[in-house]
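Enquirer: Using only what follows, build the 3D model:
(2 chains)
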Amino acid sequence: DGGITQSPKYLFRKEGQNVTLSCEQNLNHDAMYWYRQDPGQGLRLIYYSQIVNDFQKGDIAEGYSVSREKKESFPLTVTSAQKNPTAFYLCASTMSGNSYSGANVLTFGAGSRLTVL
Amino acid sequence: AQSVTQLGSHVSVSEGALVLLRCNYSSSVPPYLFWYVQYPNQGLQLLLKYTTGATLVKGINGFEAEFKKSETSFHLTKPSAHMSDAAEYFCAVKGNQGGKLIFGQGTELSVKP
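Expert: Model (predicted):
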């Protein structure tokens, strides 16, 4: 079955450590996204990528980094510079990131919950 | 710029009662509008979407939503709540570049037996 796989499901980190969250999709989607979810704040966009080897900052990119070396993969690194990294992180993808390609429906992974100890 | 406001962070209904979750949007261009549902510790699933055409949109699990341009609203309804409807619901409007969606803050629906 096609879908998005996020790993790990749960992750604990000590302050000062970088961690990388994995996101893999087999949907042949061009565009991939990372969102952060905090209670009562909805979803906020961290980074997105419309094509391989290209990505753009979202609304809350500070303290995060990404790469897009393969179409299927869009890992997110939460660096020690992120002041409040404890959150639920969601990866998503769409067929195309083109704003004129119609109503892009996001397909989401199951999420990764990061807790900083 | 687009924005979405969901009225009420928590809504509680009795099983069998009408579900009404409110969403108002702001958009400088004709919007695409979406409702997603999220069960605990899971990702989001699409319930329904409005693009163009018929303003009453039917989705999965008996939900529907009506696009009212004059009221800039896209409220989600279901005639009869079921216990399995308990979840968090997000309204979203499509942004004007890169296919990004702008999400509301979410409404948590509780269903009482």
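Enquirer: Quick check: residue B:90 vs chain A, distance?
Expert: 6 Å (Cβ to the nearest Cβ, to the nearest Å). From N, CA and C alone the C-beta is placed, and that goes for glycine too.
Enquirer: Count the residues that sit near that residue.
Expert: 25 (other Cβ atoms under 10 Å in any protein chain shown).
Enquirer: partners of it in the sheet?
Expert: residue B:36 (DSSP bridges).
Enquirer: gap between it and residue B:9?
Expert: 12 Å (Cβ to Cβ, to the nearest Å).
Enquirer: Between those two, which contacts overlap?
Expert: B:106, B:107 (Cβ atoms under 8 Å, 6 or more residues apart in numbering or on different chains).
Enquirer: which parts of chain A sit against chain B?
Expert: A:4, A:6, A:31, A:33, A:35, A:40-43, A:45, A:48, A:50, A:56, A:58, A:88, A:90, A:92, A:94, A:96-99, A:101-106, A:108-111, A:113 (Cβ under 8 Å from any Cβ of the partner chain).
Enquirer: are any of these buried, and which?
Expert: Using 16 or more other Cβ atoms under 10 Å in any protein chain shown as the burial test, the residues of chain A next to chain B include A:4, A:6, A:31, A:33, A:35, A:42-43, A:45, A:48, A:50, A:58, A:88, A:90, A:92, A:94, A:96-97, A:103-104, A:106, A:108-109, A:111 as buried.
Enquirer: From the residues you listed, which land in strands?
Expert: By the criterion of DSSP state E, membership of those in strands covers A:4, A:6, A:31, A:33, A:35, A:43, A:45, A:48, A:50, A:88, A:90, A:92, A:94, A:108.
Enquirer: For chain B, state which of those is nearest.
Expert: residue A:108 (3.4 Å; Cβ to the nearest Cβ).
Enquirer: And the closest one, how far from residue B:70?
Expert: 32 Å.
Enquirer: tell me the contacts of the one residue in chain B that gets nearest to chain A?
Expert: Residue of chain B nearest chain A, by Cβ to the nearest Cβ: residue B:43 (3.4 Å). For residue B:43, the contact set (Cβ under 8 Å, 6+ apart) comprises A:4, A:6, A:90, A:92, A:108, A:109, A:110, A:111.
Enquirer: Make TSV from those and add pLDDT to it.
Expert: Below are these laid out as TSV (pLDDT from 0 to 100):
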residue	pLDDT
A:4	96
A:6	97
A:90	96
A:92	94
A:108	94
A:109	96
A:110	95
A:111	96
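Enquirer: Of the residues you listed, just say which sits nearest to residue B:1.
Expert: residue A:92 (20.6 Å; Cβ to Cβ).
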